[in-house]
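Undergrad: mind folding the following:
(one chain, ligands or ions: 2)
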Amino acid sequence: MLNMTMTPVPAFRSIALVLLGCVAVAGCQSRGPDIALDPADTTPPKRMVTQGVSTKIIATNLTKCAYTNPKMNVRVAAVSEITATDGTVITMPAKTALQQGGNIPLSHDLYNECNQVTPTNSAAVSTAKVPVIEVDADGEVITGFIVADNYYEMYVNGKLVSVDNTPYTPFNSAIVKFKVKRPYTMAFLLVDWDEHQGLGMEVFPVPVTPKTNKYYPGDGGLVAKFSDGTVTDGTWKAQTFYIGPLVDPNEVVENGHVHDTPNLGGRTHPYARRPICEEKCYSVHYPIPSNWQSPRFNDSLWPRAWEFTSQEIGVTNLPAYTRYPELFEGARWIWTQNLVLDNVVIARKTVR
Ligand SMILES: [Ca+2]
Ligand SMILES: [Ca+2]
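TA: Numbering: from 1, shown residues only. Ligands and ions are numbered 1, 2, ... in the order given. A predicted model of the protein is given here:
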């Protein structure tokens, strides 16, 4: 006990410094990123390694599709747990607000076959009934359009403003409205959902070749545009927390806070290597920081988001996106370094 008091771990020391700062600096209790950032933790996070599929199912299916027909690509979005080699129990594919449930702001549909909301073009889209989530009572109302492959949850200044109501497939898109003052920080948790949980692979619905469709590494992507002019692009920060499938965990090369897979053929389909390890594949995971949603979270050591084209994302035939080019004009698809292997991503942007 005495030792703990005398030599606090760096995290406690950081909190203490922030608290002391608040006593000295007037107005530091106010929300918003105008307050000091938490000190950056320069210690690179420690990897956790898993092998094989996660078998402990904790939620059988988060997909709630009110309407279905055989032509729709509706897939089961399970949640499970897997134990890493260091004993850490990790939720697959991720801990989400959707699974937690309760009083959460479920997304308002731009396009969603499950709810039969499928406007034919941008002119047919109405934002009138989208609820406004209040972050600042005296802020401006900002409207945003979001496509995430497959799941997103979005925070503004630490407040949850939208949770993707369709976590896996069919591919949907959403409209969000929030009231906030500048500067403000947006933070997205993004999940490339999968069926072979822990492996980062899905069951591809259409056979690619007779054997390759059962273990198929899926890919991710986020595109969003907001009425104040903010768009997703390479000025955002993006960090990956779940990388797989891997033949060997050492295929993830760490350089400080950059977790890259530079030697696996490519960063997008069809160039990314498709390993044949199947149930023996590994994944590498990193702990998600507890305050990642906060405007005070310091993402300065995180890599910048990578931009990808619609062709690389594979969305040239995705009505949830392609029907509304005007609503996404100027926004770029973003993800981390590897669109295929990076399965859980946090993307952040402070708008000044
Ligand atoms: Ca979705
Ligand atoms: Ca993937």
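
Undergrad: any figure for the gap between Val340 and ligand 1?
TA: Distance of Val340 to ligand 1, given as CB to the ion, to the nearest Å: 18 Å. Using the backbone N, CA and C atoms, a C-beta is placed for each residue, glycine as well.

Undergrad: give me phi/psi at that residue?
TA: Val340 adopts backbone torsions of phi -90, psi -50, taken as degrees, to the nearest 10.

Undergrad: wait, it sits on Asp219?
TA: Yes: applying CB atoms under 8 Å, one finds Val340 in contact with Asp219, separated by 4.7 Å.

Undergrad: and the strands in the stretch 251-352 of the chain?
TA: Listed from the start of the chain, the stretch 251-352 of the chain has strands (DSSP state E, counting those that start in this stretch) covering 253-255, 258-260, 282-285, 306-308, 333-335, 342-351.

Undergrad: next one: the last one to chain centre, how far?
TA: Averaging C-alpha coordinates over strand 342-351 and over its chain gives two centres that are 6 Å apart (CA atoms, centre = their mean, to the nearest Å).

Undergrad: list the buried residues for that strand?
TA: Neighbour-count burial for strand 342-351 flags 342-351 (criterion: 16 or more other CB atoms under 10 Å).

Undergrad: what sits in contact with each of Val340 and Asp219?
TA: Overlap of the contact sets of Val340 and Asp219 (by CB atoms under 8 Å, 6 or more residues apart in numbering) consists of 268-269, 272.

Undergrad: now the residue of the stretch 251-352 of the chain found nearest ligand 1: how far from ligand 2?
TA: Proximity of the stretch 251-352 of the chain to ligand 1 (CB to the ion) peaks at Ala320, 8.5 Å away. Remark: distance between Ala320 and ligand 2 (CB to the ion) = 19 Å.

Undergrad: what is the neighbour count of that residue?
TA: 23 (other CB atoms under 10 Å).

Undergrad: that one reaches Ala148, doesn't it?
TA: No: using CB under 8 Å, Ala320 is not in contact with Ala148; the gap is 9.9 Å.

Undergrad: picking up where we left off before, dump the residue contacts of the residue of the stretch 251-352 of the chain closest to ligand 1.
TA: Ala320 makes contact with 110-112, 147, 171-173, according to CB under 8 Å, 6+ apart.

Undergrad: how about stretch 343-352 and ligand 2, touching?
TA: Yes: Stretch 343-352 comes into contact with ligand 2 (CB under 5 Å from the ion), by way of Asn343.

Undergrad: begin at 54 from here
TA: Will do, 54 is the new start, and the previous item becomes stretch 396-405.

Undergrad: how about that stretch as PDB, C-alpha atoms only?
TA: The C-alpha coordinates for stretch 396-405 follow below in PDB (Å, rounded to 0.1, in the frame of the first residue of the first chain):
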ATOM      1  CA  ASN A 396     -11.300  -5.500 -38.100                       C
ATOM      2  CA  VAL A 397     -11.900  -3.100 -35.200                       C
ATOM      3  CA  VAL A 398     -11.000   0.500 -35.800                       C
ATOM      4  CA  ILE A 399     -11.500   3.800 -33.900                       C
ATOM      5  CA  ALA A 400     -11.500   6.900 -36.000                       C
ATOM      6  CA  ARG A 401     -11.400  10.500 -34.600                       C
ATOM      7  CA  LYS A 402     -11.600  14.000 -35.800                       C
ATOM      8  CA  THR A 403     -11.600  17.300 -33.900                       C
ATOM      9  CA  VAL A 404     -13.500  20.000 -35.900                       C
ATOM     10  CA  ARG A 405     -12.200  23.500 -35.100                       C
END
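
Undergrad: what is the nearest of the contacts of Ala373 to Gln292?
TA: Relative to Gln292, the closest of these is Val200; by CB to CB it sits at 20.4 Å.

Undergrad: any idea how far the residue most central in space within the chain is from Ala358?
TA: By CA atoms, centre = their mean, the mean C-alpha position of the chain lies nearest to Leu243, the distance being 1.3 Å. Remark: distance between Leu243 and Ala358 (CB to CB, to the nearest Å) = 11 Å.

Undergrad: just to revisit the earlier point, quick one: the strands of the stretch 304-405 of the chain as TSV, columns for distance to ligand 1 and mean pLDDT too.
TA: TSV is the format used below for the strands of the stretch 304-405 of the chain (distance: least, CB to the ion, whole Å; pLDDT from 0 to 100):
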stretch	distance to ligand 1	mean pLDDT
strand 306-308	30	96
strand 311-313	24	96
strand 335-338	22	98
strand 359-361	17	98
strand 386-388	15	98
strand 395-404	14	98
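
Undergrad: let's have those in JSON lines, adding distance to His249.
TA: Below are these laid out as JSON lines (distance: least, CB to CB, whole Å):
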{"stretch": "strand 306-308", "distance to His249": "24"}
{"stretch": "strand 311-313", "distance to His249": "21"}
{"stretch": "strand 335-338", "distance to His249": "10"}
{"stretch": "strand 359-361", "distance to His249": "24"}
{"stretch": "strand 386-388", "distance to His249": "20"}
{"stretch": "strand 395-404", "distance to His249": "11"}
